[in-house]
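# Coordinates for the following, if possible.
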Amino acid sequence: MAINIARQIHKLLIKNELTVAVAESCTGGLVSSYLTQNSGSSRYFLLGATVYSNQAKIDILGIPETLIARKGAVCAEVALNMAKRIRKIASSDFGVGITGIAGPGGATQGKPVGTVFIAVASKDKSIYKRFQFSGNRTAIRKRSVMGALKLLAKTMRQTLK
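Residues are numbered from 1 along each chain as shown. Next up is the predicted model:
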């Protein structure tokens with residue numbers, strides 16, 4: 001399924017001469033991997049950054065340290081900032097940001113294992129979605145990839161209307 005969505009994204013990006021960049025945390029580079037599996041992906045895939053630690057989010061993406069201290073790294077605001085910042089850094093048409101708790105540890109009050117925020121930013125629009133995935137670490141990461149690819153495809157289609 002993820003392969004099919006990645007192929008659809010590939011076709012849309014090439015056909016419309018658009019670009020994408022990804023900042024991911026809990027998925028550890030898996031979204032970037034799916035987006036670059038098709039030949040010709042260098043025409044649209046500009047940058048993939050795995051910013052796993054809070055410090056990487058702060059240092060590489062410029063996420064405000066005060067935001068992470070106040071809300072935690074797993075929240076809508078951080079995901080949106082990740083998407084917007086990676087888009088700006090790469091000068092891409094779309095930016096994707098993913099932050100979450102894949103488990104088995106890392107859960108906090110109000111944010112159980114499987115909590116994932118995914119955001120997509122374009123020039124004119126930024127959206128996010130909160131997910132609550134179940135399963136083990138591998139299942140949560142795979143579901144997060146699917147969520148990111150689906151949200152990117154949906155945002156692209158809305159932008160291209």
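# Give me the distance from stretch 46-57 to the chain's centre.
Centroid separation for stretch 46-57 versus its chain: 11 Å, with Cα atoms, centre = their mean, to the nearest Å.
# For stretch 140-149, buried residues please.
140-149 (16 or more other Cβ atoms under 10 Å). Any C-beta I mention is one placed from the backbone N, CA and C, and that applies to glycine too.
# Same check on stretch 113-123?
Within stretch 113-123, the residues that count as buried by 16+ other Cβ under 10 Å are 113-122.
# Determine the number of other residues adjacent to the closest residue in space to residue 20 that isn't next to it in sequence.
Distance criterion Cβ to Cβ, 6 or more residues apart in numbering; nearest residue to residue 20, sequence neighbours excluded, is residue 94 at 4.5 Å. Applying other Cβ atoms under 10 Å, we find 26 residues neighbouring residue 94.
# same thing with residue 85?
The burial count for residue 85: 22, using other Cβ under 10 Å.
# repeat for residue 22
A count of nearby residues for residue 22, using other Cβ under 10 Å, gives 33.
# I'd like to know how far it sits from residue 140.
18 Å (Cβ to Cβ, to the nearest Å).
# Please enumerate the helices of the protein.
2-15, 30-35, 54-56, 65-71, 76-90, 137-160 (DSSP state H).
# Perfect, that will be all.
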